[in-house]
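Enquirer: Return a 3D structure for these sequence lines:
(one chain, ligands or ions: 1)
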Amino acid sequence: MPIYEYECESCGVVFEARQKFSDAPLESCRECAGKVQKLISRAGFSLKGGGWYEQGYNAAPSCAGNDGGGCGGCPKAANS
Ligand SMILES: [Zn+2]
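Expert: Okay, here's the model as predicted:
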């Protein structure tokens, strides 16, 4: 079941909600009942608890070697 992130436009709190695809998006903040906005960028998976590997991602989440960024300790960088 995917986890969606929402940000409150009123108090600024960001929280996660585990919802089915068929569930309607949340509209109100858990803290202040203000209007919330769905955050798209991280929807569908969680960075906590090794979800990357469980969902079939092979690359290390922290590796930035492909775009020339720092990649300390990455096997790809060591081989080049
Ligand atoms: Zn709020």
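
Enquirer: Give me the pLDDT value at the residue nearest to Cys8 when sequence neighbours are not counted.
Expert: Spatial nearest neighbour of Cys8, chain neighbours left out: Cys29 (3.9 Å); criterion: Cβ to Cβ, 6 or more residues apart in numbering. Using the backbone N, CA and C atoms, a C-beta is placed for each residue, glycine as well. Note on Cys29: pLDDT of 95.

Enquirer: Provide a list of residues in contact with Cys29.
Expert: 6, 8, 10-11, 13, 35-36 (Cβ atoms under 8 Å, 6 or more residues apart in numbering).

Enquirer: out of those, who's near the ion?
Expert: With Cβ under 5 Å from the ion as the criterion, these include 8, 10-11 near the ion.

Enquirer: could you dump these to JSON lines with secondary structure, pLDDT and neighbour count?
Expert: JSON lines is the format used below for the ones next to the ion among the contacts of Cys29 (DSSP: H, G, I helix; E, B strand; the rest coil; pLDDT from 0 to 100; neighbours: other Cβ atoms under 10 Å):
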{"residue": "Cys8", "secondary structure": "strand", "pLDDT": "97", "neighbour count": "19"}
{"residue": "Ser10", "secondary structure": "coil", "pLDDT": "97", "neighbour count": "13"}
{"residue": "Cys11", "secondary structure": "coil", "pLDDT": "97", "neighbour count": "12"}
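
Enquirer: Look up phi and psi at the closest residue to Cys11 other than its chain neighbours.
Expert: In this structure, Cys11 finds its nearest non-sequential neighbour in Cys32, 4.6 Å apart by Cβ to Cβ, 6+ apart. When quoted as degrees, to the nearest 10, the phi and psi of Cys32 stand at phi -130, psi 0.

Enquirer: how much space between Cys32 and Ser22?
Expert: The gap separating Cys32 from Ser22 is 27 Å, by Cβ to Cβ, to the nearest Å.

Enquirer: Of those two, which one has the most company?
Expert: Counted by other Cβ atoms under 10 Å, Cys32 and Ser22 do not tie: Cys32 has more neighbours, with 13 against 5.
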